[in-house]
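Peer 1: when you get a sec, could you give me coordinates for this:
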Amino acid sequence: VVKSTGALNAPSDTSEPVSQRTQEAVTNEPQTQDPGQTVDESAGDTESNVVILSDRILSTFHRSEKKLSYYADTVGAFFDLFPDYVIKVNMLVPSRIAFEESQVAALSDDQKATIEEVYAMLDPMVYTVDAYSALQAAGGDLDKIFFRTDHHWTHFGAYLGAKAIFDTLEQDFTGIEHYE
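Peer 2: Numbers count the residues shown, from 1 in each chain. Below you'll find the predicted structure:
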């Protein structure tokens, strides 16, 4: 099995240092951990790479036609290196901001639509994993799926991703109740 996971939000092609490219969007709201907290207009800078809230930091996603095509072409070229009998799997994983309340999620481009578009560009022989729906179905507390200070999954989020792969391949997967 050849697996590919990827990110479509790599740093842009620029000679500026990362510290100059990354702009932080900070709310002026009171420091609170209320999940219904609001974001003021200053947090809506669409060129920012992160949104900093009182209780979490979120990576934003900015769609780039060039990066989408490059990613699809790269995955295609990589998978072409392997014979057809090799199972090829691709999973694009949305970041936490895609599942945040609508006011915060609006600061990022639509990851679900972008993932679907990229999957449509891939060879039909490639199994595409719907991680978005798997994470969305888990719902509830995002802190159980994603860490609060970066874009990585927790152990439970990784479990959901692995289960989505097995479900796509129609393979048995041990239920979470069997893990410690």
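Peer 1: residue ranges with poor pLDDT in the protein?
Peer 2: 1-48 (pLDDT under 70).
Peer 1: show me the helices in it, by range?
Peer 2: Taking DSSP state H to define them, one finds helices in the chain at 18-21, 65-80, 102-105, 111-121, 131-138, 155-168.
Peer 1: closest one to residue 59 among the ones you listed?
Peer 2: Among these, the nearest to residue 59 by CB to CB is helix 111-121 (10.7 Å). Where you see a C-beta, it was placed from the backbone N, CA and C, and this is true even at glycine.
Peer 1: quick one on the thing from earlier: any chance of the helices of the chain in TSV with distance to residue 92 and mean neighbour count as columns?
Peer 2: As requested, these are arranged in TSV below (distance: least, CB to CB, whole Å; neighbours: other CB atoms under 10 Å):
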stretch	distance to residue 92	mean neighbour count
helix 18-21	23	10
helix 65-80	8	14
helix 102-105	17	14
helix 111-121	5	16
helix 131-138	7	18
helix 155-168	11	17
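Peer 1: closest to residue 55 out of those helices?
Peer 2: Using CB to CB as the criterion, the shortest distance between residue 55 and the helices of the chain is 11.7 Å, found for helix 102-105.
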